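Enquirer: Mind folding the following:
(one chain, ligands or ions: 1)
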Amino acid sequence: MPVPGPFPKPIHILGIGNIGKLLAYALKQSRPSAPVTLLFHRPGLRSEWSAAGQSITYTTPSSPSPQKATGFDVELVSARSSAPHGTLPEIDNLIIATKTYATAAALNLIKPRLSRHGTILFVQNGWGTAASARRSVFSGPEWAGLKYWSAVSTAGVYTPSDGAQSSPRKGGGFSIVHAARGTLQLGPVHPLCQGENEMITRLVEADILNARVLSHDELQLAQLRKLMVNAMINPLTVVFNCKNGDLIEKPGRVALMRRLFDEAVPVLFALVHPGETEGLEEFATELWEHVWRVAHDVRENYSSMYQDVAAGRPTEIDFINGVFLREGRRRGIETPLNAVLVGLVKRGERVKDEDIE
Ligand code: KPL
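Expert: Predicted coordinates for the structure are as follows:
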């Protein structure tokens, strides 16, 4: 891919959670002079940003001395924002890193400023978000030139508590712990969106993201594999109230994870290979190894769902295990254990190890 020219257009980031902060930090660290704009969706973030010294602080478990990135532009995009859209520059490069359930509202807010030929990159958990945004927010013919990319991140990132590094902090803050390096796989949502792209090039250049570009088909497979990872780890960390790594150390929890997996895998297979009946066993073996490997890699992290519950936010359970319930129902595949888990997470119920032995 060619190196972009000396005056790259700003990359705007909407959704300044852990992944949003990681991307912002990585972009600035890799090219300090290239513009990155943080889009704040609530006015309170401005004072939090000032309190943080207008910088993002980054640590990893192996080098705990904090690094800082500065030089960001910030803009308020809340519905009550005072600046009329016409006075603000058009957005060509947009990263959406909001929670899955907030995507359509976030895009509607920013839509008047989006360039009709711009690129949106979705960096979120769950499945089908970009396609649904396209249907619900950008259905008009005037948006036919918009390019959609998605990213699958396996980085483990959390916001540290004020004192200790050992548990995630409730609420905001502009500090992150990059607990597991992971990878960032980027790909076009539609084969026609493939091709050179300045925003994607800058992300690939940013070393700490470990990013690479996939084809459209590879992206779809990566998204579904990540869906399985999230469905096996995130809700279990909530009901057992634990770190990711605490799931794979207890045989009872591993056995439960495996039962959830066995129930979900035929649904995933049907999504990846519609109409095929051969090959499910090999698919399941390879996928279970993948889930296990990622769980091991991100063992030092708190899952995003754990962090959502700790911060009193809604969870993404409907876009993760909920996908297996919906897609399973459409295909006559039953997923009762996943349904129980969805119910437990929604009701905020915890499970003790004795309950599953
Ligand atoms: O994506 C994640 C998440 O927490 O949502 C994993 C990979 C499980 C890292 O914690």
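Enquirer: Can you work out which other helices and strands pack against the helix or strand encompassing Arg293?
Expert: Assessed by DSSP states H and E, Arg293 sits inside helix 280-297. In terms of contacts (3 or more CB pairs under 8 Å, 6 or more residues apart in numbering; DSSP states H and E), helix 280-297 is packed against helix 216-239, helix 251-272. Using the backbone N, CA and C atoms, a C-beta is placed for each residue, glycine as well.
Enquirer: which residues are in contact with that helix?
Expert: 154, 156, 180, 182, 225, 228-229, 232-233, 244-245, 247-248, 257-258, 261-262, 265-266, 268-269, 272-273 (CB atoms under 8 Å, 6 or more residues apart in numbering).
Enquirer: Need the helices and strands packed on helix 280-297 in TSV (columns: mean pLDDT).
Expert: What follows is those, written out as TSV (pLDDT from 0 to 100):
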stretch	mean pLDDT
helix 216-239	96
helix 251-272	97
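Enquirer: Pick the most deeply packed of the ones you listed.
Expert: By mean neighbour count, with neighbours taken as mean count of other CB atoms under 10 Å, helix 216-239 ranks first of the helices and strands packed on helix 280-297 at a mean of 21.
Enquirer: how about that helix, does it get close to the ligand?
Expert: Yes - Helix 216-239 is in contact with the ligand by CB under 6 Å from any ligand atom, via 229-230, 233-234.
Enquirer: And these, which two are furthest apart?
Expert: The widest separation within those, taken as CB to CB, falls between Val229 and Asn234 and amounts to 8.6 Å.
Enquirer: Show me which of the residues of helix 216-239 next to the ligand is closest to the ligand.
Expert: The ligand has its nearest neighbour among the residues of helix 216-239 next to the ligand in Ile233, at 4.4 Å by CB to the nearest ligand atom.
Enquirer: Now do the same contact list for the closest one.
Expert: Neighbouring residues of Ile233 by CB under 8 Å, 6+ apart: 244, 247, 291, 294-295, 298, 303.
Enquirer: Determine which two of these are furthest apart.
Expert: Those two in the contacts of Ile233 that are separated most widely, counting by CB to CB, are Val291 and Ser303, at 13.1 Å.
Enquirer: neighbour count winner among the two?
Expert: Between Val291 and Ser303, Ser303 has the larger neighbour count (other CB atoms under 10 Å), namely 25 against 22.
Enquirer: Report pLDDT for that one.
Expert: On pLDDT, Ser303 comes in at 95.
Enquirer: before we move on, what about Gly172?
Expert: pLDDT, Gly172: 46.
Enquirer: Then Gly86?
Expert: pLDDT, Gly86: 60.
Enquirer: Give me the neighbour count for the single nearest residue of the stretch 1-150 of the chain relative to the ligand.
Expert: For the stretch 1-150 of the chain and the ligand, the shortest gap (CB to the nearest ligand atom) falls at Asn125, measuring 5.2 Å. By the criterion of other CB under 10 Å, Asn125 has 23 neighbours.
Enquirer: Please apply the same query to Gly44.
Expert: Gly44: 10 neighbours (other CB under 10 Å).
Enquirer: With Leu109 instead?
Expert: When counting by other CB under 10 Å, one arrives at 18 neighbours for Leu109.
Enquirer: go on, the one 10 residues further on?
Expert: Close neighbours of Thr119, defined as other CB under 10 Å, add up to 22.
Enquirer: wait, it sits on Trp149?
Expert: Yes - under the criterion of CB atoms under 8 Å, Thr119 makes contact with Trp149 at 6.3 Å.
Enquirer: Please see if stretch 44-64 touches the ligand.
Expert: No - judged by CB under 6 Å from any ligand atom, stretch 44-64 stays clear of the ligand, getting no closer than 13.8 Å.
Enquirer: and that stretch, how far apart are its ends?
Expert: End-to-end span of stretch 44-64 (CA to CA, to the nearest Å): 28 Å.
Enquirer: If we go by neighbour counts, what in that stretch is buried?
Expert: By 16 or more other CB atoms under 10 Å, the buried positions in stretch 44-64 come out as 45, 49, 52, 55-60.
Enquirer: what sits against the residue of the stretch 1-150 of the chain closest to the ligand?
Expert: Here Asn125 is in contact with 100, 226-227, 230, 234, 304, 316, 319-320 (CB under 8 Å, 6+ apart).
Enquirer: do that again at 6 Å, thanks
Expert: Contacts for Asn125 (CB atoms under 6 Å, 6 or more residues apart in numbering) come out as 230, 316.
Enquirer: That one in helix, strand or coil?
Expert: coil (DSSP: H, G, I helix; E, B strand; the rest coil).
Enquirer: how far away is it from Leu341?
Expert: 16 Å (CB to CB, to the nearest Å).
Enquirer: All set now, cheers.
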